[in-house]
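Turn this into a model:
(2 chains)
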Amino acid sequence: MSDWSSLERFLRTDPLDAGCADTFDLLDLYVEERLAGGDPEGRFPGVAAHLRICDPCVDDYEGLLAAVSTR
Amino acid sequence: MSPSEPPDSAERERARPQAAYRDSRDWVSALAGTGSVREQAIADLHALLLRAARREALRRRAALGIDGPELDDLAHQAAADALVAITAKVRQFRGDSRFTTWAYKFVILEVSNKIGRHFWQRRTWPIEQEDWDRLPDRFGLRPEDQAEWRDLVSALRRAVDEELTEYQRTIFSALVLGGVPADALAGKLGTTRNALYKALFDARRKIRANLVANGYLTLDEVERS
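Numbering: from 1, shown residues only, chains lettered A, B, ... in the order given. From the prediction side, this is the model:
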């Protein structure tokens, strides 16, 4: 039986979603909170909601995480 | 030099300038200053950004399909454009994060932008037609279960036709059916990733509301409250 959850997830919008621009503004803080072992999802729920659905911003998040981790 | 090759020792030295900058204030002070101090800080920052751009380009090269000098050129362009953005905004840096973390995000974004532009070397615009055949694969709907999802996909297509504006349909078609990366589409349409995301966000909301109203999807507890 097919799993429709992927399509449903794509169509579901989260009112907390910060969008790409606000996520970019906060991404450095989000990454530092992650690397410090903090709670970025709790501190920045709008960014966390956005990163659950926006692949390009996830790419940037992972890239920044990698860049900061290897400096 | 290819980004996959290790940098020589001289380049390694140039790429590790942080010893001269004890903290974020040193960076900002030097970049906001004048004369040789500022020039040195700009050179040091460029070296830092180039190293990050090369690593990021390497990290994403599988999706890019390029390597060697072409990939290195992309990294150079990203570092140069990030440097311009950072020097223009350095007085806006508030010190909430480390300066280098703040700076890195600009070069990561520029690598994304360059990758988006590179996409059009392999594809043509406009996307020739809406390819609805891609949709099941895009969302993991298996061909053998077509009897189960055929009606839902047909309803989705009707919702796209009936509910979306022409602009929203263009974006939905390119991003969802055509597999065009958001940064590539943003560059082609002369807009931003954020603007595209907002348009697609509204489109998703409209489509879902239509599918709920027509009984294909159900409201969850949060939406009912």
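
Which SSE is immediately downstream of the helix-or-strand element of chain B with minimal mean pLDDT?
Within chain B, no helix or strand scores below helix B:9-14, which has a mean of 45 by mean pLDDT, DSSP states H and E. Scanning forward in sequence from helix B:9-14 by DSSP states H and E, the next helix or strand is helix B:24-31.

ok now that next one, how far from the chain's centre?
Here the centre of helix B:24-31 is set off from its chain's centre by 28 Å, with C-alpha atoms, centre = their mean, to the nearest Å.

go on, stretch B:52-61?
Distance of stretch B:52-61 from its chain centroid, counting by C-alpha atoms, centre = their mean, is 13 Å.

average pLDDT for it?
Averaged across stretch B:52-61, pLDDT comes to 95.

before we move on, what about stretch B:26-43?
Rounded mean pLDDT across stretch B:26-43 is 93.

Repeat that for stretch B:175-185.
If you average the pLDDT over stretch B:175-185, you get 92.

ok, residues contacting that stretch?
Around stretch B:175-185, the neighbours that count as contacts under C-beta atoms under 8 Å, 6 or more residues apart in numbering or on different chains are A:10, A:54-56, B:112-113, B:115-117, B:119-120, B:123, B:127, B:130-132, B:134-135, B:138, B:171, B:174, B:188, B:193, B:196-197, B:200. Where you see a C-beta, it was placed from the backbone N, CA and C, and this is true even at glycine.

Now it: buried residues?
Neighbour-count burial for stretch B:175-185 flags B:Leu175, B:Val176, B:Leu177, B:Gly178, B:Val180, B:Pro181, B:Ala182, B:Asp183, B:Ala184, B:Leu185 (criterion: 16 or more other C-beta atoms under 10 Å in any protein chain shown).

Repeat that for stretch B:149-156.
B:Trp149, B:Leu152, B:Val153, B:Ala155, B:Leu156.

Can you pull the residues of chain A lying near chain B?
A:1-4, A:6-8, A:10-13, A:17, A:19-21, A:24, A:27-29, A:31-32, A:54-57, A:59-60, A:62-64, A:66-68, A:70-71 (C-beta under 8 Å from any C-beta of the partner chain).

Need the buried ones from those residues selected in ChimeraX.
Written as a ChimeraX command, the selection of buried residues from these, which uses 16+ other C-beta under 10 Å, is:
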select /A:2,4,7,8,10,11,12,13,17,19,20,24,27,28,29,31,32,54,56,57,59,60,62,63,64,66,67,68
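
Now, the residues of chain A next to chain B that are in strands?
Among these, no member is found in strands (DSSP state E).

The residues of chain A next to chain B in helices, which ones?
Counting by DSSP state H, those place A:6-8, A:10-11, A:19-21, A:24, A:27-29, A:31-32, A:55-57, A:59-60, A:62-64, A:66-68 in helices.

Grab the longest helix from chain B for me.
helix B:35-59.

Remind me what it packs against, helices and strands.
In terms of contacts (3 or more C-beta pairs under 8 Å, 6 or more residues apart in numbering or on different chains; DSSP states H and E), helix B:35-59 is packed against helix A:55-69, helix B:9-14, helix B:24-31, helix B:68-89, helix B:99-119.
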